[in-house]
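Q: Attaching a predicted model along with its sequence, questions to come.
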Amino acid sequence: MRFRGGATQSLTIPAPLDAWHRRQTSDSTVEEIDRLLDDHTCAEIAGILNGKGLRTGTGMPFTNDTVDQLVHGRKLRGRKARLRERGYLTLPEAAVAFGISTAEVCRRRMEGSIVGIHYGINKYLYEPPLTRSCNNLAKSVAV
């Protein structure tokens, strides 16, 4: 800077952030999403984040789509991958494991005799038959 009397002074200021960085969702919110993916769908996470008053990087409320975009954009492990790692089965795999048709698996999920975990819109993974009987056995032994 040069002042009117001829004196000069150097100032260093940080460069302004580009638009992408200004609109980026905070790292703490992304960490919260990553933690919530273990037990919730993207739609449920959006509701939880909105309930806490959190907003996207653009200041908008979260939606199923914005959470899904953050999961993919930040390369987080999705809900389906997390459930698969825990041994949950796809519909065709569950049908084979239970020895019934895929339609029967869906019918039993709706009646509650087969555990189906929701991971997306009309998308489920199924608890393997051995896991459920082991859990029931452990409960009966504990009683």
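A: Sure, I can see it. For clarity, every value in this text was computed on a predicted model and none was experimentally measured. Numbers count the residues shown, from 1 in each chain.
Q: What is the neighbour count of residue 80?
A: Neighbours of residue 80 under the rule other Cβ atoms under 10 Å: 17. To be clear about C-beta, it is placed using only N, CA and C from the backbone, and glycine gets the same treatment.
Q: quick one: pLDDT of the residue nearest to residue 48 when sequence neighbours are not counted?
A: Excluding the flanking residues, the one nearest residue 48 by Cβ to Cβ, 6 or more residues apart in numbering is residue 36, at 6.3 Å. pLDDT recorded at residue 36 is 97.
Q: For the residue nearest the centre of the chain, which residues are in contact?
A: Residue closest to the mean C-alpha point of the chain, counted by Cα atoms, centre = their mean, is residue 37 at 3.3 Å. Residues near residue 37 by Cβ atoms under 8 Å, 6 or more residues apart in numbering: 45, 71, 76, 77, 78, 79, 82.
Q: what kind of secondary structure is the first one in?
A: Three-state call for residue 45 (DSSP: H, G, I helix; E, B strand; the rest coil): helix.
Q: Map the structural domains onto the sequence of the chain.
A: In terms of domains, the chain is parsed into 19-76, 84-142 (source: automatic domain parsing).
Q: Which one of those lies nearest to residue 5?
A: Residue 5 lies closest, by Cβ to Cβ, to one member of the domains of the chain: domain 19-76, at 37.8 Å.
Q: any chance you could map the helices in this protein?
A: Assigned by DSSP state H, the chain shows helices spanning 19-22, 27-36, 42-51, 64-73, 79-85, 91-98, 102-111, 129-142.
Q: now those helices in a markdown table, with distance to residue 11?
A: Formatted as a markdown table, the helices of the chain follow (distance: least, Cβ to Cβ, whole Å):
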| stretch | distance to residue 11 |
| --- | --- |
| helix 19-22 | 22 |
| helix 27-36 | 30 |
| helix 42-51 | 39 |
| helix 64-73 | 36 |
| helix 79-85 | 49 |
| helix 91-98 | 64 |
| helix 102-111 | 66 |
| helix 129-142 | 64 |
